[in-house]
Every structure is written in structure tokens, then in C-alpha cells.
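K.L.:
the following block contains a protein sequence and its predicted model.
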Amino acid sequence: MKIKLLVSLCLLCHCAVNAMTIDVRKNGAVSDGVTDNTKIIQKAIDDCSAGGGGTVLLTGGGKFMTGTLYLKSYVTLHVANGTTLLGSPDINDYARDTHKIMYKREKHMDRCFIYAENAESVGIEGLGTIDGNGHQKFFKSQRPMLIRFKDCNRITVKDITLVNPAAWTSAWLYCNDISVRGIRIVSRVNKNGDGLDFDGCTNVRVSDCSFDTSDDSICLQTSRKDKPCKDIVVTNCIFKSKWAGLRIGLLSMGEISSVTVSNCTFLDIDDSGLKIQQNEGGCMKNMVFSNLVMKNVPRPIFMTFCKQRACVDAPIDQLDSLQYMKNFVFSNFIVDNEELDKNCGIVISGIPGHDIENITIDNVNMHLAGGGSKADAKRVNIPEFDLNSMKHHWPEYSCLGGALPSYGFFLRHIDGIKIRNCEVYTKTGDERKPLVKIDVKNFVIN
């Protein structure tokens, strides 16, 4: 037994010793922020993968500039503290064979900085920075994403700071077993600066991250019917965004399910905290959102059912029939919107013939601005989120045509909703009702 144990320990030590580490400086990479290091760093990645895996190390401070890099199986890209991997300011340094963005009318974001496809066990880590250098003076008509993973398995991204993408910070397409923890994203220098976009991904864990984005901070979506987005956990994160904190849907051709979001703070969101939208023939179910604090977030919850083509690969002349949205729990929210305008706090709207089903809202405390007028209170014939209304728009709050007749809850086309232990306050007087419901069945309030 002792001999077997000794042999096992020796084998483990041998594997650890032979794990490859390549310091790109020793291969001639220069961290002056000007020299093109693409070939040197790519060769290090290729050699490391071919040698059985290991770490490609960027260290020593400074900025290593490159164009598109292809991350390979069993390779971890480590950017050390004080060191930056810098994107080239020249669009011609970004390859065209890095798949594509899955939204219609956005082909200008097809290219990307770091790309991996069909890779196994890959990682990006370190206390350093990956800087997309995506300033508008460099990228206007063509804007590369920072990172795109496609059909990869077992991905770890941790501790890294991701800044200044020219478009989205990251797109994850049809990947499995993803761990993102302790990262920081700042994406404000250009448009469409999404943070983490998971499309058709499974077994996803995001924790202890911070976001400051010019578009949605995290997206869960499905651009293929056969690739569900499910088994997702988001916890202990801080969100700041020029659009939504967490968007679920829009791209929604397949199933999105089994999502839990907990212990997060949302600050200074321009659009919505939780934006949940099913509109391309897929389905949504089984989601829990708990222990959330929101300050200066116009709509803590904005849910819509709709019928609209969002995916670049969706049929142009027809859309699949809508399926369902059901089984959502929202609990233990504190909302402080006293400094905002007279937005309604929670907006949930299906469409005629397609109710949103089985919602629980429990222990939500909202402090709102108030200020709604008698005219606001009397509003009727509020536009629906149907196909005719949505021909030229995503299903946004602005499509509702102005202030809603409720300051707290606007509920429409719902079958089964429980509201318990909720308090709504307004800073100033408001002529509207705290709750308005239209075509709501099986309604329970305590």
C-alpha cells in the first residue's frame, strides 16, 4: 500500500512539474503598448496546447498589444497584476473567422479580440487587465468584441479586469460548465458594451463580480432551438449599467430555465434591473430572484411577452408560435428610487392570448419618487407588446407611451400571481393607484 501511494504521489508531482508555463517575454514579446505581439503570443498558446496544456504568462508590467488571439484547449492565459493585454487600434488586425454576433442588423460586431471554438478546459485569469482599446476614435463602423467562446466546455475566467471593449465584452455561445468569478468589467468607451452574454449555455456560475457597462451587464439568451440556456447561478455581484442589469431573453428561440439570482446590488441603472422578455417562440420557466438591493433603478422588474424576430438566423417571413413564461419568484427586494421620475416600479405584461403564469412577489420594499398626475391615473388603451406594435422596436418600456396609471405595480395578461408582504412608498404625492391589473386571473394579495 505504501509503495502504491508513493508511486501515485510521484506521478502527481511529475504532472505538476511538467505542466508547461510559457513567459511570452522570453520569446521576444515587448510590453511597450505599440509593438505587435500577435504572432509571438499565438505561438505560445499553440505550443502550450500541443504540449498537453499549461499557462501562457504575461507579466512584468506594461502593455502587450495584439490583434485576434485564438485560445486553445488546456491553456490558461494568465495576465499578471500590473500587466495589460491590449487590443490593437486597427480593425484589420482582427480576424474574420471568429463566428458572428447572433442579433440581426449587428454584423459590424462579428469580429473579436480573443476567440475559442471547440476548446476543452480553457481559462483566463490573473489580477491584470485585458483592454480592448475600443475607443470610438479607433472603431466606429466595425467594432470587435473583446471575447467570444463557441462550443467550448469547462471554461474558467477569474480575477481579471476587462475594460474598454469596442462592442460586447463577451459572448458565450453553446458552451457548458462555465465559472466566472471575481472579475471586473468596465465597458463605457463605445456602444453596445454588454458584459457577459450567455447564449445557449448550461451549468453557468457567476459570482463576486462587478459591472459598469454601456449596455446590459449580463444576458441569458437562446439563438438556437436545440441549445437551451439553463442551470444558471448569479450571486454576490454589483451592477451598474446604461441599460439593464440582468436581461433574460430577447434572443429566445429555445428554452431558458433554472435560473437563480441572489445577493446582488443594482446601482444607477438607466433602464431596468431585471428585464425578462420572451418573444421568439421558445419558453421560460423556473427562476428565482432573491435578496436584491436596487438604488436608482427605474424598473426593478420589467417582464414582457412579445412576438418578434431578434436572431440573425430566425426566419424572415415567419415566427414560431409563442410557448410560455411561467414559475417566477421575486423575494426580499429593497428598492430606493426616490430621486428618479414617476416610473412605475414593477411592470409585468403578457399579451392577449399569452399570459405570463405563476408569479410570486414576496417581501418587496419600494421607495419611489411619486408625482403621478390625475391624467396619468386615467390612462387607458395602453399599447400592447404585440407583433403589430413591435414591428420597429424591441419591447421597451417606452413602447407603453408614457407614465402608467400605477406607481407601484402594473400587471397585465397574467394567470396566477401572488403578492405578499410588500410595501410601496412615494416621496411626493401621487394621484395614481399603487396597483393596476388588467386581464389578471388567479390574483392573490396579502
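P.N.:
Great, that's in hand.
K.L.:
okay, helices next: where are they in the chain?
P.N.:
Secondary structure of the chain by DSSP state H: the helices cover 2-18, 38-50, 374-377.
K.L.:
what's the least confident stretch among those?
P.N.:
Lowest mean pLDDT within the helices of the chain: helix 2-18, a mean of 41.
K.L.:
got the end-to-end distance for stretch 83-103?
P.N.:
33 Å (CA to CA, to the nearest Å).
K.L.:
mind listing what's buried in it?
P.N.:
83-88, 91, 93-95, 98-103 (16 or more other CB atoms under 10 Å). Any C-beta I mention is one placed from the backbone N, CA and C, and that applies to glycine too.
K.L.:
chain center to stretch 331-343: distance?
P.N.:
Counting by CA atoms, centre = their mean, to the nearest Å, stretch 331-343 is centred 22 Å from the centre of its parent chain.
K.L.:
meant to ask about stretch 57-75
P.N.:
24 Å.
K.L.:
endpoint to endpoint, it covers what distance?
P.N.:
Rule used - CA to CA; the end-to-end distance of stretch 57-75 is 10 Å.
K.L.:
make 25 the first number, not 1, from now on.
P.N.:
Right, with 25 as the first residue, what we last looked at is stretch 81-99.
K.L.:
run a quick neighbour tally on Phe329.
P.N.:
29 (other CB atoms under 10 Å).
K.L.:
find the nearest non-adjacent residue to it, please.
P.N.:
Spatial nearest neighbour of Phe329, chain neighbours left out: Gly374 (4.1 Å); criterion: CB to CB, 6 or more residues apart in numbering.
K.L.:
what do you get for Tyr94?
P.N.:
Leaving aside its chain neighbours, Tyr94 sits nearest to Tyr139 (5.5 Å; criterion: CB to CB, 6+ apart).
K.L.:
pretty sure the one you found sits against Tyr118.
P.N.:
No. Applying CB atoms under 8 Å, one finds Tyr139 not in contact with Tyr118, separated by 9.5 Å.
K.L.:
next, show the common contact partners of the two.
P.N.:
Residues touching both Tyr139 and Tyr118 (CB atoms under 8 Å, 6 or more residues apart in numbering): Thr92.
K.L.:
just grab the bridge partners of Ser265 for me.
P.N.:
Note on Ser265: beta-bridge partners by DSSP bridges are Thr237, Ile293.
K.L.:
tell me the contacts of it?
P.N.:
235-241, 293-295.
K.L.:
what sits against the spatially most central residue of the chain?
P.N.:
Nearest to the geometric centre of the chain sits Ile242, at 1.7 Å (CA atoms, centre = their mean). Contacts for Ile242 (CB under 8 Å, 6+ apart) come out as 219-222, 230, 235, 258, 261, 263, 269-271.
K.L.:
thinking again about what came up before, among the buried residues of stretch 107-127, name the ones in strands.
P.N.:
107-111 (DSSP state E).
K.L.:
what is the most widely separated pair among those?
P.N.:
The distance between the two most remote of these (CB to CB) is 14.5 Å, for Thr107 and Gly111.
K.L.:
output the lowest mean pLDDT helix or strand found in the chain.
P.N.:
helix 26-42 (a mean of 41; mean pLDDT, DSSP states H and E).
K.L.:
surely Asp400 touches Arg456?
P.N.:
Yes. With contact defined as CB under 8 Å, Asp400 counts as touching Arg456 (5.6 Å).
K.L.:
which neighbours do the two share?
P.N.:
Common contacts of Asp400 and Arg456, defined by CB under 8 Å, 6+ apart, comprise 427-429.
K.L.:
could you dump those into TSV and include pLDDT?
P.N.:
Listed next are these as TSV, based on pLDDT from 0 to 100:
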residue	pLDDT
Ala427	94
Leu428	96
Pro429	96
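K.L.:
going through those residues, which ones are buried?
P.N.:
427-429.
K.L.:
before we move on, back to that, Asp344: which of the buried residues of stretch 107-127 is nearest?
P.N.:
Nearest to Asp344 among the buried residues of stretch 107-127, counting by CB to CB, is Met126 at 16.4 Å.
K.L.:
quick check: pLDDT value at the closest one.
P.N.:
pLDDT, Met126: 94.
K.L.:
now swap in Phe409 and tell me
P.N.:
87.
K.L.:
can you check Asp365 too?
P.N.:
pLDDT, Asp365: 88.
K.L.:
so what's Thr100 bridging to?
P.N.:
Bridge pairing for Thr100 (DSSP bridges) gives the partners Thr79, Gly147.
K.L.:
ok, it - contacts?
P.N.:
Thr100 is in contact with 78-80, 146-149, 180, counting by CB under 8 Å, 6+ apart.
K.L.:
pick the one among these closest to Met169.
P.N.:
Ile148 (14.1 Å).
K.L.:
and the gap between that closest one and Gly206?
P.N.:
Distance of Ile148 to Gly206, computed by CB to CB, to the nearest Å: 12 Å.
K.L.:
returning to what we had before: how about TSV for the buried ones among the shared contacts of Asp400 and Arg456, with distance to Asp439 added?
P.N.:
Formatted as TSV, those follow (distance: CB to CB, whole Å):
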residue	distance to Asp439
Ala427	26
Leu428	21
Pro429	21
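K.L.:
okay, now the unreliable bits of the chain?
P.N.:
25-42, 340-342, 411-416 (pLDDT under 70).
K.L.:
so what's Gly217 up against?
P.N.:
189, 191-193, 211, 237-239, 266.
K.L.:
for the residue nearest to the centre of the chain, list each beta-bridge partner.
P.N.:
Listed by DSSP bridges, the beta-bridge partners for Ile242 are Leu220, Leu270.
K.L.:
circling back to that earlier point, for Asp400 and Arg456, indicate the residue with more neighbours.
P.N.:
Ranked by neighbour count (other CB under 10 Å), Asp400 and Arg456 place Arg456 first, with 26 against 19.
K.L.:
burial check on the residue nearest to the more buried one when sequence neighbours are not counted, number of neighbours?
P.N.:
Distances taken as CB to CB, 6+ apart place Gly396 nearest to Arg456, at 3.9 Å, with adjacent residues excluded. Per other CB under 10 Å, the neighbour tally for Gly396 reads 26.
K.L.:
just checking, Gly396 touches Asp454?
P.N.:
Yes. Using CB under 8 Å, Gly396 is in contact with Asp454, at 4.3 Å.
K.L.:
which neighbours do these two share?
P.N.:
Common neighbours of Gly396 and Asp454 (CB under 8 Å, 6+ apart) are 366, 431.
K.L.:
wait, isn't Gly78 in contact with Ala43?
P.N.:
Yes. Contact criterion CB under 8 Å: Gly78 and Ala43 qualify, at 4.7 Å.
K.L.:
between those two, who's got more neighbours?
P.N.:
Applying other CB under 10 Å to Gly78 and Ala43 shows that Gly78 carries more neighbours, namely 19 against 15.
K.L.:
the closest residue to the more buried one other than its chain neighbours and Thr289: what is the separation?
P.N.:
What sits nearest to Gly78 in space, not counting adjacent residues and going by CB to CB, 6+ apart, is Met44, at 3.2 Å. To Thr289, Met44 is 40 Å away according to CB to CB.
K.L.:
thanks a lot, catch you later.
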